Each structure stands twice: as structure tokens, then as C-alpha cells.
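Trainee: sequence-free structure coming up:
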């Protein structure tokens, strides 16, 4: 099982990034081996459809689970179609990626069943 | 001549100027009326502010034609598709995604550029129209023809509407062209551009011979005029400034125009009577008829400047 977390810099000790589509980077953690890798988010400066591109990107990186502050309608549609599970962390100040991973493991994160908002395109 | 009336900042008086100019040119000595007497309008007014069109309030068109418009969005033939992902790769707007053995399209993100269709190696994509707004057209009582676009509530994509609106070949000015197909020939076209400096603004400005930039003498007005001047110079469109609400006491805007070599085409004072008249849907040229001549003089200067610039 691989978990992708939106982060503000490419490190396990980095703070999370509450945005999904326009997150600075993603940390992909392998649940079994505890190994992790950091990727710059290619969708960060997308002209449009950042959520779509970010979702495609982490799907390509083999993520089964995505964790962020919110998921827009387009990102949600893609991840829902691929069967990727989504979780959100509540706004909790300067939460670190590693802490989010342990919260996920302890079942403390809320699963996502629908998009968090109406999306941002054209705004 | 195609004249675009634009401003960076919203609410600086674009519509006041564009409708005033239109009525001046359509009036007794204007080109519009001369044509009108031959039962042919030679002046077209296009309201490109499709998110909040308001020029009709002053020009009172009788909308006789109404059509739906919008971008052509991709439809994927699931049998022909090999899920190669080429369509998603070439889409600048991430409006199409290939994940595993599925192709997902996001019509709201699609600008209708056609890249996916062109690049699909299997020819599996066809384009279907998606209505995001309306185009409306009709004559006005003043010897000028009026068209506008209006975006549907909840839509975000103004550019395809503006593109289709400007291409719309409609109106009584139709003349036979050499190929026999016929086309509408206008002596003058006035384009009311949306506010800002975004893609819809660029689309509306495209092809203009002259850009009339309406600015108000305030720090915000100057800030946004600077951005607008960058846009028109990047597009190589000759421009001049209409100073609206002149008399605020803020002088930096005029200084900027001097330094940037931007001609000051017209001044409209900060005047309560104008504000009250506009609120009653009276055009500037009705509130103060002397603007009929001032607008015509401004038109003549634009003609001269465009001539100079073309040479």
C-alpha cells in the first residue's frame, strides 16, 4: 500500500500542504517498507485542471491512498474512478508529514466520500 | 475601423465611452446614419463583456436572433481508444485524463482547442458542441447594429463565447464578396471589452485597429492602466486614453500618460449630472450633447493615428 501526502517541501519532516492540486510536492510512503520518496508536483503551476493533473501524477506513482487538506471535484472524480482512497487532515496548524502518516495508521483521519468544494477553475 | 474600448480596472466608464462613441458615429453626420438611409447599417457594436453585458441598457437593441454557443468538447469512442494517453499529454488545460483503462473528460475545463482530436493516433475522438452561453443580435433605433454574448450562470469559460461572437457573420450589412459567399462589411466596429487583462480581454482585443483605454485618475486606475498598456503594446495595437472622472486631483495618471507617450483622447469630468443620467439609462451624448462632436473629433484623431501607424 502506497500513501501520497501533499507536502510543502520534499521531506518526511516537512509540513503538510493543505492544497491538493497546487501542493508544492507529494511524499509517497510505502506502508510496509516505510520507504518514502518525494516528488515535485507537476500540476503546481498548471494553467487549469491542477487537480486532474495531480491526481493522474500520484496514480502513476502507484499511490493507493491520497491524503491532503481537501480534494476538488475533478481530482475526486479521477481518484474515485481509479479506486484510490482519499483522506483529509483537519486544519491542524503545522502538522508534519510523518505525523500524518502515523495518524493515518492509527485510523484517525477522515475518509473522503465526496469532493470538498465546488472547485476553483475560472476563478 | 475596429475600435476596442478597454480598461484594466472595472467601472472606469468603458460602456459610457463605447456607447457614446457609437451614438456619435451613428448620428446625423456620422457614418452609421449615412448608411442607414440606404437601409444598411455600417456600424456594428459588439458587447464582449459576456460575464456582465450592459451596453444594451444604453443602445436598446431589439434582439431578433439568438443562438447557443460554446466550445467543441471531446467525445471518446471507447472501442477505438487504446488508452495511449496522448490526448491527456497534449491538453494544456487537463480537461482529459487517461487513468488505467478509462478516459475521463472534464468539459468545464475544456477550451475547445481541438488538440486532443488532432493528436489522437486512433482517430477515436470526435468533437461535440457544449453550450456555455448565448449570442444575441439585433438592430437598434439609432442606425447601428448590435451583438452581444452572454455566458450561462455557473460557467467559467468566456473566451469561446467571445471568439464565436466576434466571428459571427450577421446583420443587414451583408454584401456579396468575390467568391459569392457574401460577408458582412462594416465601416466601423466598436468592441466593448471586458474589464481586466485576462484571456477574455486579449480575445476581445484581437484584431482591433485602435484601443481606447478608459482610465480614472486614482491610484487603482493608474495601477490597472499600466497593466492594460502592457497588454496593448504586446499586441501591437495603437492606443489612446480617455480620462474619465477627471478632476479628482490625482495627477500621477496623466504624468504616466505623458511619460508613456500615450495620447489623451478625451476628458470626461467627475460630474454628478453624468452619474445621475447614466443611472437613468441615458447615454453620455444625451446628458451632454456636446459629446457628440467631441466623440466624432476623437474618432477622426484615431483614424489619423491608425493611418500613421499603418504607414
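Mentor: Happy to help now that I have it. A quick note: this is a predicted structure, and the numbers were derived from the prediction, not measured. Numbering: from 1, shown residues only, chains lettered A, B, ... in the order given.

Trainee: secondary structure element for the nearest residue to residue B:162 once chain neighbours are set aside?
Mentor: Nearest residue to residue B:162 in three dimensions, chain neighbours excluded: residue B:203, at 4.6 Å (Cβ to Cβ, 6 or more residues apart in numbering or on different chains). Bear in mind the C-beta positions are built from the backbone N, C-alpha and C, glycine included. Under the criterion of DSSP states H and E, residue B:203 resides in helix B:199-205.

Trainee: chain center to that helix, what's the gap?
Mentor: With Cα atoms, centre = their mean, to the nearest Å as the basis, the distance from the averaged C-alpha position of helix B:199-205 to the chain average is 7 Å.

Trainee: how far out from the middle of the chain is the following helix or strand past it?
Mentor: If you walk from helix B:199-205 toward the C-terminus, the next helix or strand you reach (DSSP H and E) is strand B:210-215. Here strand B:210-215 is found 12 Å from its chain centre; the criterion is Cα atoms, centre = their mean.

Trainee: what's the burial count for residue A:108?
Mentor: Other residues lying near residue A:108 total 12 when counted by other Cβ atoms under 10 Å in any protein chain shown.

Trainee: residue B:121 now?
Mentor: Residues lying near residue B:121 (other Cβ under 10 Å) number 9.

Trainee: with residue A:66 instead?
Mentor: Other residues lying near residue A:66 total 27 when counted by other Cβ under 10 Å.

Trainee: I'd assumed residue A:83 was in contact with it.
Mentor: No - between residue A:66 and residue A:83 there is no contact, the gap being 11.5 Å when judged by Cβ atoms under 8 Å.

Trainee: mind checking pLDDT for the nearest residue to residue B:115 once chain neighbours are set aside?
Mentor: The spatial neighbour of residue B:115 that comes closest, neighbours along the chain excluded (Cβ to Cβ, 6+ apart), is residue B:90 at 4.6 Å. At residue B:90, the predicted lDDT confidence score is 95.

Trainee: so what's residue B:90 up against?
Mentor: If you count contacts by Cβ atoms under 8 Å, 6 or more residues apart in numbering or on different chains, residue B:90 has them with B:115, B:116, B:119.

Trainee: can you give me the strands for chain A?
Mentor: Under the criterion DSSP state E, chain A carries strands at the ranges A:2-7, A:25-30, A:36-40, A:65-68, A:85-88, A:110-111.

Trainee: could you dump the ones you listed into a markdown table and include mean pLDDT?
Mentor: What follows is the strands of chain A, written out as a markdown table (pLDDT from 0 to 100):
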| stretch | mean pLDDT |
| --- | --- |
| strand A:2-7 | 95 |
| strand A:25-30 | 96 |
| strand A:36-40 | 95 |
| strand A:65-68 | 95 |
| strand A:85-88 | 93 |
| strand A:110-111 | 88 |
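
Trainee: those strands: which one's closest to chain B?
Mentor: Using Cβ to the nearest Cβ as the measure, strand A:65-68 is the one of the strands of chain A that comes nearest chain B, at 13.0 Å.
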